[in-house]
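[1] Mind folding the following:
(one chain, ligands or ions: 1)
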Amino acid sequence: MPLGERAGDKSDSRYCGVETEFNDDIPQLLSLNINGGFDFVVATLMDPAYRPSLKGDNDKSCDVLPFAGSDLVLSPSQWSSHVVGRISLWIDLDSEDESLRRDSEICLKQEISWASHLSLQACLLPSPKGTSCGNYARVVNQILQSLNNMQLWLRIPLEKSDDDSVNENGGLQREHTDSWEMWNSFRILCEHHSQLSIALDILPSLPSANSLGRWFGEPVRAAIIHTNSFLTNAKGYPCLSKRHQKLMSGFFNHSIQIVISGNQDQKHPLRSMDVDPNNNKNHVESVQRHPLRPYLDYVGYLYQRMDVLSEQERFELGYRDFLQSPLQPLMDNLEAQTYETFEKDTMKYIQYQRAISKALQDRVPDDDSSTVTILMVVGAGRGPLVRASLQAAEETGRKLKVYAVEKNPNAVVTLHSLVKLEGWENIVTIVSSDMRCWEAPEKADILVSELLGSFGDNELSPECLDGAQRFLKEDGISIPSSYTSYIQPLTASKLYADIKSHKDLVHFETIYVVKLHRVARLAPSQPVFTFVHPEYSTNNSNQRYKKLQFELPSDTGSALVHGFAGYFDATLYKDVHLGMEPLTATPNMFSWFPAFIPLRTPLCVRPGIPLEFHLWRCCGSTKVWYEWCATSPTASPVHNTNGRSYWLRKGDLG
Ligand SMILES: C[S@@+](CC[C@H](N)C(=O)[O-])C[C@H]1O[C@@H](n2cnc3c(N)ncnc32)[C@H](O)[C@@H]1O
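    Numbers count the residues shown, from 1 in each chain. Take a look at the predicted model:
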């Protein structure tokens with residue numbers, strides 16, 4: 001299905017459409033373009049000369065609307081797979097001219113109704129004509145309320161300028177256009193409707209990289225690239241500037257359809273004997289080429305040049321932008337397949353092994369061959385950290401006695417068989433217990449745990465380790481020794497739409513785990529809460545509060561914040577760390593996807609005005625929860641008051 005969602009996988013084919021002028025012979029138009037190599041056409045359905053107000057009252061022939069052919073001229077699957085409807089360009093619903101306004105409204109409704117009748121997958125709406133688009137948005141919003149599952153692509157030119165220009169009186173005046181503002185007003189007027197999306201018009205000059213980045217968090221479905229935006233290479237073939245090429249890779253990577261637009265009457269300078277622009281091989285064209293074929297070939301060449309997905313990226317494909325509830329390993333018992341996923345993440349265990357080796361070397365001098373280090377793995381799961389500990393001991397030549405403490409009875413079964421299988425009976429003692437109430441027979445030199453959530457402390461590592469540090473020697477080492485959570489503001493219209501579709505408060509007051517993909521990261525991440533282990537201070541509390549201020553880079557322009565990405569970074573021991581904060585992330589580690597902290601109402605943030613956000617970690621006798629709110633540029637309600645929607649259960653220690 002050419003217009004369907006694409007997986008972003010190199011093995012999947014890519015689709016490219018072409019914008020066409022009105023032609024009342026749709027079958028011919030389609031076959032010309034499909035034979036020319038395109039997958040779909042963006043076709044004007046209604047005769048551009050038609051105006052409802054020109055229809056004479058007595059003119060019976062005008063009862064039939066001037067659409068290109070009847071629905072029978074193509075099969076239903078041809079209509080839906082190969083045609084995107086282009087709504088008449090002349091419509092102007094915010095015109096001062098009342099009759100034009102009225103004609104526009106009637107025509108828009110007739111065209112959309114016809115397109116729905118044909119089951120087209122999408123219609124391309126012309127750009128709003130001026131800065132004010134209230135009436136246009138009102139009518140589109142009316143249409144959206146009862147639309148079948150067709151998408152409406154609002155055409156938006158990709159432009160942003162911020163120039164100082166001299167006015168008539170010789171004074172400096174600031175001219176500022178940012179087409180994102182136009183899109184933002186329109187979608188707010190249409191209440192962020194999930195069937196309203198964007199077709200970006202790609203122009204010869206591009207705005208700054210930061211401002212372009214915003215669009216990847218918006219619902220961009222198509223990029224229309226006009227032949228004017230291409231350059232010509234030394235051999236006379238079309239090509240794109242480096243910046244345009246980079247943008248195209250971003251579109252491919254985000255499953256954005258490419259549409260080529262240009263004059264099809266003009267013959268391209270290429271003749272029948274062509275030189276392939278990319279590998280210089282001569283080939284003979286036997287059939288008449290589509291006039292835009294060289295542009296299509298170039299787009300295909302850019303796609304072919306993209307990097308093949310790594311194994312990890314391929315694994316993550318199915319999880320992209322899919323909201324998941326975080327694990328509650330303290331309350332729930334993890335399943336075998338969850339452990340299996342953890343255990344595949346070799347990078348995590350390599351880092352732990354490095355940290356344990358360093359701790360063992362610091363604890364016992366090289367020439368001491370008699371000291372036995374007591375190491376306890378608390379939350380041992382099916383044993384990968386036990387194995388990493390024994391490998392560290394072997395690598396450093398230290399003697400070890402291990403306790404593996406695990407509260408999930410099912411994982412304990414596996415632990416027992418592992419110990420037997422590996423012949424570790426004399427070194428490893430398995431303890432089936434909650435670490436918070438286990439009475440250890442001796443104290444540990446090293447306490448190893450991995451109880452971290454995407455947001456660090458959100459799987460209750462602090463509460464569990466507070467309970468376990470009773471059996472750590474006074475000078476003992478905790479691995480990890482500390483961890484810090486981080487957040488960063490995001491444009492994430494897809495995640496927002498998914499949460500909104502539940503139509504309740506609970507989903508807006510939940511922290512999720514999600515492989516972020518169609519998002520724009522608007523500012524560098526900042527640290528939030530830090531926990532240190534062991535923690536012996538007397539007024540120790542796991543409650544936290546942090547106020548953060550984010551500034552968007554000045555060339556970004558305004559942006560909409562739908563929520564925040566959450567990450568963690570853990571210091572395992574000394575310089576050995578483990579984390580997924582984007583700037584310092586441990587490479588090739590996939591155990592954690594970021595957290596997503598949503599906002600009930602997205603916030604429009606403008607350059608120079610800070611985004612102020614507050615986050616609390618609250619602790620009650622039976623549960624831990626987070627509350628959050630924004631206070632600038634506008635205040636939001638405090639989310640998740642008293643943990644009413646989302647909390648982490650501390651569980652019963654009995
Ligand atoms: C994230 S998993 C890590 C498992 C294993 N260490 C690994 O790396 O694959 C955390 C484990 O800690 C266990 N756990 C969580 N809280 C615990 C507690 N209070 N006492 C004992 N085990 C606990 C869970 O059952 C789970 O097996």
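[2] Helix, strand, or coil at residue 541?
    For residue 541, the assignment made with DSSP: H, G, I helix; E, B strand; the rest coil gives coil.
[3] Show me what counts as buried in the helix ranked longest in the chain.
    Longest helix in the chain by number of residues (criterion: DSSP state H): helix 98-117. Buried residues in helix 98-117, counting neighbours by 16 or more other CB atoms under 10 Å, are found at 100-101, 103-108, 110-112, 114-116. Heads up, the C-betas are built off the backbone N, CA and C, glycines and all.
[4] Pull out whichever of those residues are also neighbours of the ligand.
    Applying CB under 6 Å from any ligand atom, the subset of the buried residues of helix 98-117 adjacent to the ligand is empty.
[5] Specify which member of those residues is nearest to residue 409.
    residue 116 (56.1 Å; CB to CB).
[6] you'd agree that closest one is up against residue 151?
    No: look at residue 116 against residue 151 with CB atoms under 8 Å: they stay out of range, at 11.4 Å.
[7] Can you tell me which residues in the protein are near the ligand?
    329-330, 334, 339, 342-343, 378-381, 384-385, 405-408, 411, 434-436, 450-451, 464.
[8] Flag every buried residue along stretch 529-540.
    Using 16+ other CB under 10 Å as the test for burial, stretch 529-540 gives 529, 531, 532, 533, 534.
[9] what does that stretch contact?
    Contacting residues not belonging to stretch 529-540 are listed as 447, 456-457, 461-462, 465-466, 469, 472, 476, 478, 480-485, 542, 544, 546, 615, 617 [CB atoms under 8 Å, 6 or more residues apart in numbering].
[10] which among the residues you listed end up buried?
    Using 16+ other CB under 10 Å, the buried ones in the contacts of stretch 529-540 are 447, 456-457, 461-462, 465-466, 469, 472, 476, 478, 480-485, 542, 544, 546, 615, 617.
[11] which secondary structure element contains residue 308?
    Counting by DSSP states H and E, no helix or strand carries residue 308.
[12] Count the residues that sit near it.
    For residue 308, the count of nearby residues is 9 (other CB atoms under 10 Å).
[13] Partner strands of the longest strand seen in the chain, with direction?
    In terms of residue count, the longest strand belonging to the chain (DSSP state E) is strand 559-573. According to DSSP bridges, strand 559-573 forms sheet pairs with strand 482-491 (antiparallel), strand 576-579 (antiparallel), strand 595-605 (antiparallel).
[14] Let me have those strands in CSV, adding distance to residue 76 and mean pLDDT as columns.
    Putting the strands paired with strand 559-573 into CSV (distance: least, CB to CB, whole Å; pLDDT from 0 to 100) gives the following:
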stretch, distance to residue 76, mean pLDDT
strand 482-491, 36, 98
strand 576-579, 51, 98
strand 595-605, 37, 98
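[15] can you redo those as JSON lines with distance to residue 501?
    Below are these laid out as JSON lines (distance: least, CB to CB, whole Å):
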{"stretch": "strand 482-491", "distance to residue 501": "18"}
{"stretch": "strand 576-579", "distance to residue 501": "32"}
{"stretch": "strand 595-605", "distance to residue 501": "13"}
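[16] So for residue 80, which of these sits nearest?
    strand 482-491 (30.3 Å).
[17] any idea how far the closest one is from the chain center?
    Relative to its parent chain, strand 482-491 has a centroid offset of 15 Å by CA atoms, centre = their mean, to the nearest Å.
[18] Name the residues that touch the host helix or strand of residue 252?
    For residue 252, the host element (DSSP H and E) is helix 242-253. Outside helix 242-253, the residues within contact range by CB under 8 Å, 6+ apart are 8, 14, 202, 206, 212, 216, 220, 223, 225, 229, 240, 256, 258, 299, 302-303, 306.
[19] Would you mark the buried spots in it?
    244, 247, 248, 250, 251, 252.
[20] Any idea how far apart the tips of stretch 81-99 sit?
    Terminal residues of stretch 81-99 lie 36 Å apart, using CA to CA, to the nearest Å.
[21] Contact partners for residue 156?
    127, 179, 180, 182, 183, 198, 199, 200, 201.
[22] Including distance to residue 401, neighbour count and pLDDT, could the residues you listed go into JSON lines?
    Compiled in JSON lines, the contacts of residue 156 are given as follows (distance: CB to CB, whole Å; neighbours: other CB atoms under 10 Å; pLDDT from 0 to 100):
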{"residue": "127", "distance to residue 401": "72", "neighbour count": "18", "pLDDT": "96"}
{"residue": "179", "distance to residue 401": "66", "neighbour count": "22", "pLDDT": "95"}
{"residue": "180", "distance to residue 401": "62", "neighbour count": "23", "pLDDT": "96"}
{"residue": "182", "distance to residue 401": "68", "neighbour count": "20", "pLDDT": "95"}
{"residue": "183", "distance to residue 401": "63", "neighbour count": "24", "pLDDT": "97"}
{"residue": "198", "distance to residue 401": "62", "neighbour count": "25", "pLDDT": "98"}
{"residue": "199", "distance to residue 401": "65", "neighbour count": "26", "pLDDT": "98"}
{"residue": "200", "distance to residue 401": "63", "neighbour count": "27", "pLDDT": "98"}
{"residue": "201", "distance to residue 401": "68", "neighbour count": "20", "pLDDT": "97"}
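[23] ok, which pair from the buried residues of helix 242-253 is furthest apart?
    244 and 252 (12.8 Å).
[24] Next, count neighbours for the closest residue to residue 573 other than its chain neighbours.
    Of all residues not flanking residue 573 in the chain, residue 355 sits nearest, at 3.9 Å (CB to CB, 6 or more residues apart in numbering). Using other CB under 10 Å, residue 355 has 27 other residues around it.
[25] how far away is residue 355 from the ligand?
    13 Å (CB to the nearest ligand atom, to the nearest Å).
[26] isn't that residue right up against residue 479?
    Yes: look at residue 355 against residue 479 with CB under 8 Å: they come within range, at 5.1 Å.
[27] For the closest residue to residue 487 other than its chain neighbours, list the residues it contacts.
    Sequence neighbours aside, residue 564 is the residue nearest to residue 487 in space, at 4.4 Å (criterion: CB to CB, 6+ apart). The contact partners of residue 564, by CB under 8 Å, 6+ apart, come to 487, 488, 489, 490, 596, 597, 613.
[28] Beta-bridge partners for residue 564, please?
    With DSSP bridges as the rule, residue 564 is bridged to residue 489, residue 597.
[29] Distance-wise, check it relative to residue 514.
    12 Å (CB to CB, to the nearest Å).
[30] Could you list the low-pLDDT ranges of the stretch 101-250 of the chain?
    Counting by pLDDT under 70, the ranges of the stretch 101-250 of the chain that qualify are 162-175.
[31] in it, which spans are helices?
    For the stretch 101-250 of the chain, helices defined by DSSP state H, counting those that start in this stretch occupy the ranges 134-145, 179-189, 209-213, 242-253.
[32] Now do the SS call for residue 429.
    Under three-state DSSP, residue 429 comes out as strand.
[33] and what of residue 351?
    Reduced to three states with three-state DSSP, the structure at residue 351 is helix.
[34] quick one, what contacts it?
    572, 576, 577, 578, 586.
[35] what's the nearest residue to the first one if we skip its chain neighbours?
    What sits nearest to residue 572 in space, not counting adjacent residues and going by CB to CB, 6+ apart, is residue 355, at 3.6 Å.
[36] That's all I had, so thanks and see you.
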